[in-house]
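K.L.:
need a structure here:
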Amino acid sequence: MSNPASKAEELGIVMVKSFATKNFRLQSGEVLLELKLAYEI
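P.N.:
Numbering: from 1, shown residues only. Now for the predicted structure:
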């Protein structure tokens, strides 16, 4: 069975980014009181 840590090392550096905003309006017109988005690059 492979080691998950060694696979992560093969990927290199992973940067975690995030974005947060309040009162985010959707195309439908509805409003999200708070939007939090997190992603890795």
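K.L.:
Does residue 34 touch residue 19 like I think?
P.N.:
No. Taking contacts as C-beta atoms under 8 Å, residue 34 lies outside contact range of residue 19: 11.6 Å. No exception for glycine: its C-beta is placed from N, CA and C like everyone else's.
K.L.:
For burial, what's the neighbour tally of the residue lying closest to residue 41 once chain neighbours are set aside?
P.N.:
Residue nearest to residue 41 in three dimensions, not counting chain neighbours: residue 15, with 5.2 Å by C-beta to C-beta, 6 or more residues apart in numbering. With neighbours defined by other C-beta atoms under 10 Å, the count for residue 15 comes to 7.
K.L.:
how close does residue 15 get to residue 29?
P.N.:
34 Å (C-beta to C-beta, to the nearest Å).
K.L.:
Same question for residue 35.
P.N.:
Taking C-beta to C-beta, one finds residue 35 at 15 Å from residue 29.
K.L.:
more crowded one of those two?
P.N.:
residue 35 (13 against 6).
K.L.:
list the contacts for the more buried one?
P.N.:
19-22, 24 (C-beta atoms under 8 Å, 6 or more residues apart in numbering).
K.L.:
now it, which residues is it bridged with?
P.N.:
Per DSSP bridges, the residues bridged to residue 35 are residue 21.
K.L.:
Begin at 738 from now on, thanks
P.N.:
Noted, 738 is the first residue going forward, which turns the last one into residue 772.
K.L.:
Go through stretch 768-778 and flag the buried ones.
P.N.:
Judged by neighbour count (16 or more other C-beta atoms under 10 Å), stretch 768-778 contains no buried residues.
K.L.:
okay, that stretch in CSV with CA atoms only?
P.N.:
Output of stretch 768-778 as CSV, limited to C-alpha atoms (Å, rounded to 0.1, in the frame of the first residue of the first chain):
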residue,chain,number,x,y,z
VAL,A,768,-28.1,37.4,-1.9
LEU,A,769,-25.7,35.3,0.1
LEU,A,770,-25.2,37.0,3.5
GLU,A,771,-21.6,35.7,3.6
LEU,A,772,-19.5,33.8,1.0
LYS,A,773,-16.3,32.0,1.9
LEU,A,774,-14.3,30.4,-0.9
ALA,A,775,-11.2,28.3,-0.3
TYR,A,776,-9.0,26.7,-3.0
GLU,A,777,-5.6,25.2,-3.6
ILE,A,778,-3.2,26.0,-6.3
